[in-house]
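Participant: Everything below, folded, please.
(chains A and B)
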Amino acid sequence: MIKFENVSKKYGSTPVLDELSFEIQQGEFVVLIGPSGCGKTTTLKTINRLIEPNAGKIYIDGKDITDMNPVELRRGIGYVIQQIGLFPNMTVEQNIAVVPKLLKYPKDKWQAIVHDLLEMVDMPYEENAHKYPSELSGGQQQRIGVLRALAASPPIILMDEPFGALDPITRDTLQDEVRRLQKKLKKTIVFVTHDMDEALKMADTIVFMNEGKILQMASPEEMLHNPAHPIISGFMGKQIDSRSNGLTAGDVMRTRVVKAARNNQTLKSIELMKSRDVDTLIVINEDDTYAGIVTIGDLRARGRGGMEIGELITDAAPVVNVADDAQEAFDALLTSSTSYVIVLNDDNTVAGLITKTSMTRAMGEVLWGDVTS
Amino acid sequence: MGGCDVVTFINFMIENQREITNNLFRHIELVGISVFVGIIISIPLGILLSRHKKLAGVVLAVTGTIQTIPGLVMLGFALIFLGIGMLPALVVLSLYAILPILRNTYTGITEVDPSYTEAARGIGMTNMQMLFKVELPLALSSIIGGIRISTVYIVSWATLAGMIGAGGFGDPIWTGLATYNTGLILSGAIPSAILALILSGLIGLLQRILTPRGLKGVRV
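Facilitator: All right, here's what the predicted structure looks like:
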């Protein structure tokens, strides 16, 4: 859809873009990120020719954009900027309709567009269309800024740090909204940010730039797991920390568990489960090491009076070591069919149990300090 | 007329009603034409200068210098080259009307927040569309402010034009000064002051009406 071919831009002798080549697919959400002065905004602005490169070619749908009239080109590409740039002398309706009007849409057509778009972001037409930008909150203004970019249904939308000036809660809402609109309308979006959280949240593909070059172009997952350059890991420092924050399985388990020796008989075991109000027993060997689990279902289905529960145990529950990373336990918990993970000490004795509740509790404590039950 | 209390002055005004009315119309004519010429020259020139910032420095310096030449000197030159009557007066007054409007047009446009012009360009406006849909509407208040300043100046400076036979309220003032006739002087000075206030008020009103609601600040 958009293809850069050895694109370079210099200001004086300072290279801003250095032989940039990459390709953006149709319907892709691409986030350009990098430290200040890395060339991300310049890259964005070469797409709608607000900045003309010194060398190289940019193609949109196979057409060299320098062969196109810049004004026509821009009318076919949505543009959203951080400062929002809603025209203060125009109402919300006039602002949204500005490109359709430039394209000489008939009045009923652009009015229908304004109606539909306002509805899509839950800003009723009657209430909002005739307000001026100064009468809206920052978040509402940028919603209108996004709608203005969408109004003439351009297949491509460029967004230059669109949410940088908004408060975190509004930013979060707008990120969700834009992602939703993008999926719904199948737009190709090129989005500039310096906020890695935002990039990870929004992007199909992240393009990490530094000094006018691409250091890495990858999916958020890939970039998190295999950052190609120390600068990238530095940029993601916060994210990486939160993924391995030193929490172990032992930190997130509960220690009060119902254990039973393997020579316990079935009826006694059912009584034990009833009295402790659990549906599973952790079965241990004579030397206290972990043997397996037995559920109330197993007992009812296969248990007969006088049978020892050691004959009924299964190893259906995932097992982790008490020193393992909490994230491993978390993954095991989510992928397992049981709703718990057994935590063992080094000598294979049972240390505790991780349930969804104990995990949530532990995460809550990491995030907000002590959580009272 | 020796003493000059209010009653005798009012009587004087009533006696010379026709004369004063004629002066008023001539004065308005002088102000109207020269401010109009000022607008016709300044606004396009101001737009042009906002596109050529280097040229702007030079042109604004030159017009600024013209502004500092005393009105009397300018009228003297006009008298030498163009003779007496309305024409030389209009030339000089128009020249003086240019600067405030020019400067306000120029600053009004150049001070439009770059986010608006970037947005305008980015969504595909041509230069002309950007000028008429964004820049001029946003600069309008400043431009009208310039017209207001020019008008008030010109009402006052037009009285000088009486010296070279252009008529208006300058006529009785100059005659009065030459003949030590206080009544005559005041019959030019007071109405011209009132005229300046009224025109300033009217233009201020126009400015308010023409400023889009969205630019009047946030209202709760």
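Participant: how about the helices in chain B?
Facilitator: B:6-15, B:17-51, B:53-68, B:71-82, B:86-110, B:114-122, B:127-130, B:136-157, B:170-179, B:182-210 (DSSP state H).
Participant: Quick one: list the elements packing against the fourth one.
Facilitator: Contact partners of helix B:71-82 among helices and strands, from 3 or more CB pairs under 8 Å, 6 or more residues apart in numbering or on different chains; DSSP states H and E: helix B:86-110. In this view, the C-beta of every residue, glycine as well, is placed from N, C-alpha and C.
Participant: What helices and strands are in contact with the helix it packs on?
Facilitator: Going by 3+ CB pairs under 8 Å, 6+ apart, helix B:86-110 lies up against helix B:17-51, helix B:53-68, helix B:71-82, helix B:136-157.
Participant: By residue count, what's the longest helix in chain A?
Facilitator: helix A:168-185.
Participant: Which elements pack onto it?
Facilitator: Against helix A:168-185 (3+ CB pairs under 8 Å, 6+ apart) you get helix A:138-150, helix A:196-202.
Participant: Can you mark which positions in the first one are buried?
Facilitator: If I follow you right, that is helix A:138-150. A:139-150 (16 or more other CB atoms under 10 Å in any protein chain shown).
Participant: The shortest one now?
Facilitator: Neighbour-count burial for helix A:196-202, counted by 16+ other CB under 10 Å, picks out A:196, A:198-200, A:202.
Participant: Make CSV out of the buried residues of helix A:138-150 and add pLDDT.
Facilitator: Listed next are the buried residues of helix A:138-150 as CSV, based on pLDDT from 0 to 100:
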residue, pLDDT
A:139, 90
A:140, 93
A:141, 94
A:142, 93
A:143, 93
A:144, 95
A:145, 95
A:146, 94
A:147, 95
A:148, 95
A:149, 95
A:150, 93
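Participant: could you pick out which of those are near chain B?
Facilitator: A:148-149 (CB under 8 Å from any CB of the partner chain).
Participant: Show me what from chain B comes close to chain A.
Facilitator: So chain B meets chain A at B:113, B:115-116, B:118-126, B:129, B:133-134, B:137-138, B:212-215, B:217-219 (CB under 8 Å from any CB).
Participant: mind redoing it with 10 Å?
Facilitator: B:112-127, B:129, B:133-134, B:136-138, B:140, B:211-220 (CB under 10 Å from any CB of the partner chain).
Participant: Tell me the buried residues within these.
Facilitator: Here, 16+ other CB under 10 Å leaves B:112, B:116-125, B:129, B:133-134, B:136-138, B:140, B:211-212, B:214 buried among those.
Participant: For chain A, which residues score under the pLDDT cut-off?
Facilitator: A:237-246, A:369-373 (pLDDT under 70).
Participant: looking at it, which residue lies furthest from center?
Facilitator: In terms of distance from the mean C-alpha position of chain A, residue A:306 ranks first, at 54.1 Å (CA atoms, centre = their mean).
Participant: Just the helices from the stretch 151-300 of chain A, written as ranges.
Facilitator: A:168-185, A:196-202, A:220-225, A:230-235, A:237-243, A:249-252, A:266-276, A:296-302 (DSSP state H, counting those that start in this stretch).
Participant: what separates the longest one from the chain centre, distance-wise?
Facilitator: Meaning helix A:168-185. From the chain centre to the centre of helix A:168-185 is a distance of 11 Å (CA atoms, centre = their mean, to the nearest Å).
Participant: Tell me which of the helices and strands packed on helix B:86-110 lies nearest to residue A:174.
Facilitator: helix B:136-157 (26.2 Å; CB to CB).
Participant: Counting by contacts, list what that closest one packs against.
Facilitator: On a contact count with 3 or more CB pairs under 10 Å, 6 or more residues apart in numbering or on different chains; DSSP states H and E, helix B:136-157 meets helix B:17-51, helix B:71-82, helix B:86-110, helix B:182-210.
Participant: run the last query once more with 7 Å
Facilitator: Helices and strands touching helix B:136-157, by 3 or more CB pairs under 7 Å, 6 or more residues apart in numbering or on different chains; DSSP states H and E, are helix B:17-51, helix B:86-110, helix B:182-210.
Participant: Next, the buried residues of the longest one.
Facilitator: Translated: helix B:17-51. Using 16+ other CB under 10 Å as the test for burial, helix B:17-51 gives B:20, B:23-24, B:26-31, B:33-35, B:37-39, B:41-43, B:45-47, B:49-50.
Participant: now swap in stretch A:317-324 and tell me
Facilitator: A:317-322, A:324.
Participant: sorry, back to before: Throw the helices and strands packed on helix B:136-157 into a markdown table and include distance to residue A:174 and mean pLDDT, thanks.
Facilitator: Compiled in a markdown table, the helices and strands packed on helix B:136-157 are given as follows (distance: least, CB to CB, whole Å; pLDDT from 0 to 100):
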| stretch | distance to residue A:174 | mean pLDDT |
| --- | --- | --- |
| helix B:17-51 | 34 | 94 |
| helix B:86-110 | 32 | 94 |
| helix B:182-210 | 34 | 92 |
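Participant: how much space between the closest residue to residue B:211 other than its chain neighbours and residue A:301?
Facilitator: Excluding the flanking residues, the one nearest residue B:211 by CB to CB, 6 or more residues apart in numbering or on different chains is residue B:141, at 5.1 Å. In this view, residue B:141 and residue A:301 are 84 Å apart by CB to CB, to the nearest Å.
Participant: between the two, which one's more packed in?
Facilitator: Remark: of residue B:141 and residue A:301, residue B:141 carries more neighbours, 17 against 9, as counted by other CB atoms under 10 Å in any protein chain shown.
Participant: Not counting its neighbours along the chain, what's nearest residue B:174?
Facilitator: residue B:162 is the one closest to residue B:174 (CB to CB, 6+ apart), at 4.7 Å.
Participant: swap in residue A:17?
Facilitator: Nearest non-adjacent residue to residue A:17 (CB to CB, 6+ apart): residue A:9, at 4.2 Å.
Participant: name the helices or strands packed onto the one helix or strand that neighbour maps to?
Facilitator: Assigned by DSSP states H and E, residue A:9 belongs to strand A:2-11. Contacts defined by 3+ CB pairs under 7 Å, 6+ apart place strand A:2-11 against strand A:14-24, helix A:40-47, strand A:55-60.
Participant: In CSV: those, plus mean neighbour count.
Facilitator: Formatted as CSV, the helices and strands packed on strand A:2-11 follow (neighbours: other CB atoms under 10 Å in any protein chain shown):
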stretch, mean neighbour count
strand A:14-24, 18
helix A:40-47, 23
strand A:55-60, 16
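Participant: Quick one: closest of these to residue A:121.
Facilitator: helix A:40-47 (23.2 Å).
Participant: Buried deepest among the helices of the stretch 151-300 of chain A, which one?
Facilitator: With neighbours defined as mean count of other CB atoms under 10 Å in any protein chain shown, those peak in mean count at helix A:249-252, which reaches a mean of 22.
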